[in-house]
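> Build me a structure from this.
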Amino acid sequence: MRRPAAFLDRDGTLIRPPEEGRYLTSAAEFAWLPRAAEGVALLASAGYVPVVVSNQRGVALGEVSGSTLAEVERLLQAGLEARGCRIERFCYCLHDAGDGCECRKPRSGMLEDAAESLHLDLGGSWMFGDACTDVEAAHRVSCQAALVGSATGACAPELRAPSLWKAAASVVSSRPGARG
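Have a look, this model is predicted:
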């Protein structure tokens, strides 16, 4: 049986993003966004499989190391395990913007790969992100999309919310069979 996913962008959705044009180059810069871990836990408790899908161009540019990615993963997992859940898979696009890969959002390669390996129901899944590229990637595979934070742009997500926590609460409360 296929399960729905909660596809999660990393920077700007789960954790505080670095300044515009910069990259998270050290795990010392890691900081959760307010109530983001609680949002992931809420989605997991409602049956969504948490999967991070994140463009990490800084690796291609040599500004972010694989060890930094791994340490940030460890910090994310530690924060979530304290809430009784975990990220089931981390998917990254490590290419530069002009490389023409199929994984870099707004393309949908990361979502498709995760769906295949984890047996996910794309039509029942949600993508939570802070950019229109997240919305477009979701729509390419028939997922619903929630645009979180203060992002604006010419895209049409099914939901806009000020935070992952608010988006998760809305999605879970509107899910068939939810108790209200």
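
> All the strands of the chain, residue numbers only.
Remark: strands assigned in the chain by DSSP state E are 5-8, 49-55, 89-93, 126-129, 144-148, 159-161.

> can you map out the helices along this structure?
According to DSSP state H, the chain carries its helices in the segments 36-45, 57-60, 66-81, 109-118, 132-140, 164-174.

> Relative to A27, which of these is closest?
A27 lies closest, by C-beta to C-beta, to one member of the helices of the chain: helix 66-81, at 3.7 Å. For the C-beta atoms, the positions are set from N, CA and C on the backbone; glycine is no exception.

> tell me the angle that closest one makes with helix 36-45.
On the basis of axes from the mean of the first three to the mean of the last three C-alpha atoms, to 10 degrees, helix 66-81 is oriented at 70 degrees to helix 36-45.

> which other residues reach helix 66-81?
10, 14-15, 24-27, 30, 32, 37, 40-41, 50, 52, 56, 59, 86-87, 90, 92 (C-beta atoms under 8 Å, 6 or more residues apart in numbering).

> returning to that earlier point: which among the strands of the chain is found nearest to R175?
Where the strands of the chain are weighed against each other on C-beta to C-beta, the nearest is strand 126-129, at 9.8 Å.

> Measure how buried V135 is and give me the count.
V135 has 25 neighbours, counted by other C-beta atoms under 10 Å.

> I'd guessed G153 sits against C132; true?
Yes - counting by C-beta atoms under 8 Å, G153 touches C132, with 4.0 Å between them.

> more neighbours, the two?
Legend: neighbour count by other C-beta under 10 Å for G153 and C132, higher for C132 (19 against 12).

> Enumerate every residue touching the more buried one.
By C-beta under 8 Å, 6+ apart, C132 lies in contact with P106, L147, A151, G153, A154, C155.
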